[in-house]
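sharing a model that was predicted from the sequence below.
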Amino acid sequence: MLSSKLFDSLTISTHLNNFFERLGDYDDPHFVLLSCEDDIDTATDTLSEMINNSDDDIYGGTLFPLTPTLKLFALSAEAEGAQALAREAIASSPAQSATTHIVVFHHNCLGDARETFKWAIQLMEQLIAISPNESAYRINDFELDDWPGLEQFMTQD
């Protein structure tokens, strides 16, 4: 796996490790990372509510706390639903009052979930670096017409 300062500093919980182990050959969750330095509890509650009240494009999600300011939601969702969730969450009032960053990274069931998770963390690091004081989101989903691909994560030091 490639280097990531944030990833390397994480302690992966037994709960998250078990989740990765249980993913089967047909499971392709969207890894939604939520970062908020100011008020992670409000941001988490808002995103959870949006997931619970979503229409048919999001079927469910599991929350994994990673750090005091970083959470992972593993969503079972259609690509459109996961992408809309990120856009709507950033447009919500809590994201407007506290700097919030959201990354959606779609796991391909043919790949290694831990590697996809690491790539999501790397994308979060990039997002925070380019938008440290403004709420923003990024999406890497192979179902996008303009999919950015994985090369930037595979060549990162």
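Looks like it arrived, so ask away. Numbers count the residues shown, from 1 in each chain.

drop to CA atoms for contacts and neighbour counts, all remaining ones
Noted.

point out where the protein drops to low pLDDT.
1-3, 93-95, 144-157 (pLDDT under 70).

for the protein, which residue occupies the most central location?
Residue closest to the average C-alpha location in the chain (C-alpha atoms, centre = their mean): Val32, at 2.2 Å.

and it, how far is that from Leu47?
Separation of Val32 from Leu47 (C-alpha to C-alpha, to the nearest Å) stands at 10 Å.

and the residue nearest to the centre of the chain, its phi and psi?
Here the main-chain torsion angles of Val32 (degrees, to the nearest 10) amount to phi -110, psi 110.

give me the nearest residue to it, chain neighbours excluded.
Val104 (4.5 Å; C-alpha to C-alpha, 6 or more residues apart in numbering).

so the one you found touches Leu33, yeah?
Yes - here Val104 lies in contact with Leu33, judged by C-alpha atoms under 8 Å, at a distance of 6.6 Å.

quick one: Phe105 is in a strand?
Yes - using DSSP: H, G, I helix; E, B strand; the rest coil, the secondary structure at Phe105 is a strand.

isn't it up against Thr116?
Yes - counting by C-alpha under 8 Å, a contact exists between Phe105 and Thr116, whose distance comes to 7.4 Å.

more neighbours: those two, which one.
More neighbours sit around Phe105 than around the other of Phe105 and Thr116, counting by other C-alpha atoms under 10 Å; the figures are 28 against 20.

which element follows the helix or strand where Trp119 lies toward the C-terminus?
Trp119 belongs to helix 113-130 when assigned by DSSP states H and E. The C-terminal neighbour of helix 113-130 among helices and strands, as given by DSSP H and E, is strand 136-140.

just give me the neighbour total for Thr99.
Once other C-alpha under 10 Å is used to define contacts, Thr99 is seen to have 22 neighbours.

spit out the contact partners of it.
For Thr99, the contacting residues are 36-38, 132-135, taking C-alpha atoms under 8 Å, 6 or more residues apart in numbering as the criterion.

Leu85 against Ser48, yeah?
No - at 10.3 Å, Leu85 does not count as touching Ser48 under the criterion of C-alpha under 8 Å.

which one of those two is surrounded by more residues?
Neighbour totals were compared for Leu85 and Ser48, and Leu85 leads with 21 against 17 (other C-alpha under 10 Å).
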